[in-house]
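*Asks:* okay, here's the prediction I keep looking at, along with the sequence it came from:
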Amino acid sequence: MRPADRLLKAQRSPLKRVFDLALAIPFAIIIAPFLLTIFALLKILDPGPVFFVQRRCGHNGRTFDCYKFRTMRTDASKRLQALLDNDPTAAAEWATFQKLRNDPRVTLIGRILRKSSLDELPQLFNILRGDMSIVGPRPITSGEIYRYGPMFGYYSAVRPGVVGMWQVSGRNSLTYEQRVAMDVDYVETWSIWKDLKIVFKAIPVVLFAKGAY
């Protein structure tokens, strides 16, 4: 199958959307009380916005508001810039992974939410709206498009996912280049069975916080 044909297969399959709704709707109903508990804890322990909303690139390059529970301090941007300007080691880590193991922006409760991946639960709303899929490339900002280069067409061929090859293959221990390669491979070899396999692989990864920080 030619690359263009693989992209069309991933774009047009109605099974992927059915799969998303069949899992997301009952799961959202079951965990609704848990979501409300996290909402209340954030309100009490960390005054400020409960949700972090950021524009991300989606299917066919369309941007959308991606929702997460807020895990960072309200002055996160200033803290990050100050660190990168004064710590070459942190700057190099950020350039390679777009992540920091010891991130000064993250709150105490935010560290718990990130370690357990609970901060991403609001993305169920993105799935229900059709912005995201359960499985797919992690949603990126417009500032990260250049990292995909000519491979961005693969990323935008499908809806970004809450879980994907990146999470079940090493997560934050992987470089950005490896992440891009995995996204391309996911689209080229996509099937509903592959999505199921990734979902099952993600369960122990989330439960044991493998590669999360």
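*Replies:* Looks like it arrived, so ask away.
*Asks:* could you pull out the strands in the chain for me?
*Replies:* Assigned by DSSP state E, the strands in the chain fall at 51-57, 63-69, 133-135, 161-163.
*Asks:* so can I have a markdown table of the ones you listed showing mean pLDDT, distance to Leu41 and mean neighbour count?
*Replies:* The way it works is simple: take the backbone N, C-alpha and C, and place the C-beta from them, glycine included. Listed next are the strands of the chain as a markdown table, based on pLDDT from 0 to 100; distance: least, C-beta to C-beta, whole Å; neighbours: other C-beta atoms under 10 Å:
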| stretch | mean pLDDT | distance to Leu41 | mean neighbour count |
| --- | --- | --- | --- |
| strand 51-57 | 95 | 14 | 16 |
| strand 63-69 | 96 | 10 | 19 |
| strand 133-135 | 95 | 25 | 26 |
| strand 161-163 | 94 | 21 | 24 |
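*Asks:* tell me which of the ones you listed lies nearest to Ser191.
*Replies:* Taking C-beta to C-beta, strand 133-135 is the member of these nearest to Ser191, at 10.9 Å.
*Asks:* other SSEs contacting the closest one?
*Replies:* Contact partners of strand 133-135 among helices and strands, from 3 or more C-beta pairs under 8 Å, 6 or more residues apart in numbering; DSSP states H and E: helix 14-45, strand 161-163, helix 192-207.
*Asks:* list the contacts of it.
*Replies:* Under the criterion C-beta atoms under 8 Å, 6 or more residues apart in numbering, residues 16-17, 19-20, 23-24, 127, 158-164, 194-195, 198-199 lie in contact with strand 133-135.
*Asks:* one step back: reformat the strands of the chain as a markdown table; add distance to Thr189.
*Replies:* Shown next, in a markdown table, are the strands of the chain (distance: least, C-beta to C-beta, whole Å):
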| stretch | distance to Thr189 |
| --- | --- |
| strand 51-57 | 22 |
| strand 63-69 | 25 |
| strand 133-135 | 12 |
| strand 161-163 | 15 |
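*Asks:* of those, which is nearest Ile38?
*Replies:* Nearest to Ile38 among the strands of the chain is strand 63-69; the distance by C-beta to C-beta comes to 6.1 Å.
*Asks:* who's in contact with the closest one?
*Replies:* With contacts defined as C-beta under 8 Å, 6+ apart, strand 63-69 is touched by 38-39, 42, 50-58, 113, 118-123, 125-126, 129, 131-132, 139, 142.
*Asks:* that one pairs with which strands, and in what direction?
*Replies:* strand 51-57 (antiparallel) (DSSP bridges).
*Asks:* now do the strand it pairs with against helix 14-45, angle only.
*Replies:* Orientation of strand 51-57 against helix 14-45 (axes from the mean of the first three to the mean of the last three C-alpha atoms, to 10 degrees) gives an angle of 150 degrees.
*Asks:* stretch 65-80 spans what distance, first to last residue?
*Replies:* 22 Å (C-alpha to C-alpha, to the nearest Å).
*Asks:* pull the distance from it to the chain's centre.
*Replies:* Relative to its chain's centre, stretch 65-80 lies at 14 Å (C-alpha atoms, centre = their mean, to the nearest Å).
*Asks:* near Gly130, how many other residues are there?
*Replies:* Residues near Gly130, counting by other C-beta atoms under 10 Å, number 14.
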